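Undergrad: model the following, please.
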Amino acid sequence: MVNGAFNPDALRGNGLDLIVLDEFASMKPEAWTEVFRPALSDRQGHALFIGTPKGRNHFYERFEYAHNDPDWAAFQFTTAEGGLVDGEELCRAARELDPVSYRQEFDGEFVSANRHRVYYTFDRALHLRAQSFERLFPVVWSIDFNVSPMCMLLLQRVEDIVQVFDEIVLPNANTEAACQAFLDKAELLYQQVPGYQRPMNVEVYGNASGNQKRTSAAETDWTIIRQFFRRWKGTYQESIHVLSANPPVRDRINCVNSRLRNTFEENRLFIDPRCRELVKDLEQVAWATDSTGAVMSELDKSDRARTHASDALGYYIAQVFPLKPLIGHQSSGRIL
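TA: Numbering: from 1, shown residues only. Next up is the predicted model:
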């Protein structure tokens, strides 16, 4: 039986012995997790994933998973190794294509080839490294007030370097749940702070829409956070920084790209590899395109899981390291 996977829901309900997912990189990721994987369970069936890489998307994640699970196997072949295309044609293709496109299409490499990639200065080799909590510096808690997922980052500024050492991602969350999740992390950090540094300094950043959008029926997000810190007065000393309006999306993204790598090739932002959702954002978030393929000024939000962790990062970076003077910042720098 051969079927297209444009509408995965139409393929539900069949028990399967073997499924071959051809060009899996072009399929919706939920086709596997929500439709095909359950269909194999009754008969303990098998699956074969085939495809050309399209950057480090869900196909890449499945390829990496196969390397670390004994029930899976992963294979990677170049066009030359396939033996179906002669060497002269490969040379002609190499002359016509840029190196990144050739490595993806002919060498089968998982490279970030998305021409519309938003955070184009991010490079795993440069920016991913283990980060630890620096006990003599304030903790920054930066929040994106999305409901599902709600994404938050824990980071620090050490001189001119930004170090993202942890992330919190909550499905179907509200602000009270966000505060509890932060507390679970902060209690472990507090134990590392020397007595003379207590209460522990916490700087809080996030989107201005938290002043209007309500994840609680009666109170704004920022009000709930302010009340949370009142309950923990003496343990944490907070300073809450919020703009009266969010900066333009492109300005915020330019700030992040500049912090990742500037014209002098300085890297001033480093991320712990365990911040998986943030890394996915930096590699996968793209600009939306119209029906003709022209790039628009809006982010592609077709994947509901994307943009939120990088937004949380951007709210902090744009305030602390702006590319131009901020307009509309509350004079006190905190909510009173």
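
Undergrad: rest of the way, CA atoms for contacts and neighbours
TA: OK.

Undergrad: where do the helices sit along the stretch 1-150 of the chain?
TA: 30, 37-41, 58-68, 79-82, 87-96, 99-105, 124-127 (DSSP state H, counting those that start in this stretch).

Undergrad: tabulate the ones you listed (a markdown table), appending mean neighbour count, distance to Ile161 and mean pLDDT.
TA: Conversion of the helices of the stretch 1-150 of the chain to a markdown table gives the following (neighbours: other Cα atoms under 10 Å; distance: least, Cα to Cα, whole Å; pLDDT from 0 to 100):
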| stretch | mean neighbour count | distance to Ile161 | mean pLDDT |
| --- | --- | --- | --- |
| helix 30 | 13 | 37 | 86 |
| helix 37-41 | 17 | 43 | 90 |
| helix 58-68 | 16 | 29 | 92 |
| helix 79-82 | 12 | 42 | 92 |
| helix 87-96 | 12 | 39 | 85 |
| helix 99-105 | 17 | 30 | 77 |
| helix 124-127 | 14 | 12 | 95 |
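
Undergrad: make TSV from these and add distance to Glu176 to it.
TA: Formatted as TSV, those follow (distance: least, Cα to Cα, whole Å):
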stretch	distance to Glu176
helix 30	29
helix 37-41	34
helix 58-68	31
helix 79-82	53
helix 87-96	55
helix 99-105	44
helix 124-127	32
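
Undergrad: of all the ones you listed, which lies closest to Ala173?
TA: Closest to Ala173 of the helices of the stretch 1-150 of the chain, according to Cα to Cα: helix 30, at 21.4 Å.

Undergrad: which other helices and strands contact that closest one?
TA: Applying 3 or more Cα pairs under 8 Å, 6 or more residues apart in numbering; DSSP states H and E, we find helix 30 packed against no helix or strand.

Undergrad: which residues of the chain fall in strands?
TA: 18-22, 46-50, 139-144, 150-158, 161-170, 200-206, 236-240, 269-271, 287-289, 295-299 (DSSP state E).

Undergrad: contacts for the second one?
TA: Strand 46-50 has contacts (Cα atoms under 8 Å, 6 or more residues apart in numbering) with 17-24, 40.

Undergrad: which of these has the most neighbours?
TA: Counting neighbours by other Cα atoms under 10 Å, Phe24 leads those with 23 neighbours.

Undergrad: identify the residue nearest that residue in space, chain neighbours excluded?
TA: Leaving aside its sequence neighbours, Phe24 sits nearest to Gly51 (Cα to Cα, 6 or more residues apart in numbering; 5.7 Å).

Undergrad: okay, the one you found: pLDDT?
TA: Looking at Gly51, its pLDDT stands at 91.

Undergrad: just to revisit the earlier point, mind putting the strands of the chain in a markdown table, distance to Arg259 included?
TA: Listed next are these as a markdown table, based on distance: least, Cα to Cα, whole Å:
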| stretch | distance to Arg259 |
| --- | --- |
| strand 18-22 | 39 |
| strand 46-50 | 37 |
| strand 139-144 | 16 |
| strand 150-158 | 12 |
| strand 161-170 | 8 |
| strand 200-206 | 17 |
| strand 236-240 | 22 |
| strand 269-271 | 6 |
| strand 287-289 | 20 |
| strand 295-299 | 20 |
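
Undergrad: so Val118 is in contact with Trp287, correct?
TA: Yes: here Val118 reaches Trp287: they are 6.2 Å apart, a contact under Cα atoms under 8 Å.

Undergrad: averaged pLDDT, stretch 309-325. What do you get?
TA: Averaging pLDDT along stretch 309-325 yields 89.

Undergrad: other residues contacting that stretch?
TA: Counting by Cα under 8 Å, 6+ apart, 142-144, 151-153, 205-207, 246-247, 251-256, 259, 277-278, 281-282, 326 sit against stretch 309-325.

Undergrad: give the buried residues for it.
TA: 309-319, 321-322 (16 or more other Cα atoms under 10 Å).

Undergrad: which of Val118 and Trp287 has more neighbours?
TA: Using other Cα under 10 Å, the more surrounded residue of Val118 and Trp287 is Val118, with 22 against 19.

Undergrad: first-to-last residue distance for stretch 116-135?
TA: One end of stretch 116-135 sits 39 Å from the other (Cα to Cα, to the nearest Å).

Undergrad: show me the contact partners of it.
TA: 156, 163-165, 189, 192-194, 253, 256-258, 260-261, 267, 269-273, 282-287, 295.

Undergrad: again with stretch 246-266
TA: 118-122, 127, 207-209, 267-270, 297-298, 313-315, 317-318, 321-323.

Undergrad: and the end-to-end length of that stretch?
TA: 27 Å.

Undergrad: contact partners for the residue nearest to Phe24?
TA: Taking Cα under 8 Å, 6+ apart, one finds 22-25 in contact with Gly51.

Undergrad: distance to Glu89 and pLDDT added to the residues you listed, as a markdown table?
TA: Shown next, in a markdown table, are these (distance: Cα to Cα, whole Å; pLDDT from 0 to 100):
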| residue | distance to Glu89 | pLDDT |
| --- | --- | --- |
| Asp22 | 24 | 92 |
| Glu23 | 23 | 90 |
| Phe24 | 26 | 91 |
| Ala25 | 25 | 86 |
